[in-house]
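**Student:** got a structure for you, letters missing:
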C-alpha cells in the first residue's frame, strides 16, 4: 500500500469512528507524519460535514523546550522569538509574553504586547519559556486542546474546546 493510500485509509477509519459516536485517537511518531495525517483527516472531516469550511488562522506559540543553559546563552536568541513568563518578574506578570526585538551581549530587548520595551537578562531563564509564533488553521467543529493558564479569561491548562465560530481563540487571546 502506498503512503498516500495508507493516510487516506487511516483518516477514513478515524472519520467513520467519529460518525459512529465513538472516540478515536491517532498516534504518529514524527511531526512530519502528524502534519500529513492531520491534513488528510481535516479533508475527510470537511467532506463528511464534521468540520466547517469557514476556517480562520490563529497565531499560537510553539515552545522550543530549551534548557536553562540554552536560555542563558543570549547568542541563541533571534528577533521575533517569544518569551512566555510562568513566574513574575519586575516587568512581566505570570502568563504575560513578549517578543524579542534584539539580542545584545548582556541582555535581550523585548517588546511586551502593550508595546512597552523592556530588558531581560541572562539571570532570568527560570522565569520564562522560549518559543516561536506559528500560524494554525482552525475551522468550526474542530476540537482544540488549549494549553496555558489564563484564569482571568476562563482558559485553563489542558482544556478541550470545540470551535463553534470563525474566531475560535477570542475567549483565550
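**Tutor:** Received, thanks. It should be emphasised that the depicted structure is a prediction, and the values quoted were computed from it without experimental measurement.
**Student:** quick test: name the residue nearest the centre of this protein.
**Tutor:** Compute the mean C-alpha point of the chain, and by C-alpha atoms, centre = their mean the closest residue is residue 60, 4.0 Å away.
**Student:** check which helix or strand that one maps to.
**Tutor:** Taking DSSP states H and E as the definition, one finds residue 60 inside strand 56-63.
**Student:** what mean pLDDT does that strand have?
**Tutor:** Strand 56-63 shows a mean pLDDT of 88 in the predicted model.
**Student:** any idea of the mean pLDDT for whichever helix or strand comes after it?
**Tutor:** Helices and strands here follow DSSP H and E; after strand 56-63, the next one along the chain is helix 68-72. Per-region confidence: helix 68-72 scores 95 on mean pLDDT.
**Student:** what comes up buried for helix 68-72?
**Tutor:** By neighbour count on 16 or more other C-beta atoms under 10 Å, the buried set for helix 68-72 is residue 71. For every residue, glycine as well, the C-beta is placed using N, CA and C.
**Student:** ok, residues contacting the helix or strand following that helix?
**Tutor:** Downstream of helix 68-72, the first helix or strand assigned by DSSP H and E is strand 82-85. Contacts of strand 82-85 with the rest of the structure, by C-beta atoms under 8 Å, 6 or more residues apart in numbering, involve 61, 63, 92-100, 108, 110, 120, 127-133, 148.
**Student:** ok, strand 82-85: who's next to it in the sheet?
**Tutor:** Using DSSP bridges, the strands paired with strand 82-85 in its sheet are strand 97-103 (antiparallel), strand 128-138 (antiparallel).
**Student:** how big is the angle separating the next helix or strand after the first one from strand 128-138?
**Tutor:** As assigned by DSSP H and E, the chain's next helix or strand after strand 97-103 is strand 107-112. Orientation of strand 107-112 against strand 128-138 (axes from the mean of the first three to the mean of the last three C-alpha atoms, to 10 degrees) gives an angle of 40 degrees.
**Student:** sheet partners, orientation included, of strand 107-112?
**Tutor:** The pairing partners recorded for strand 107-112 under DSSP bridges are strand 97-103 (antiparallel), strand 117-121 (antiparallel).
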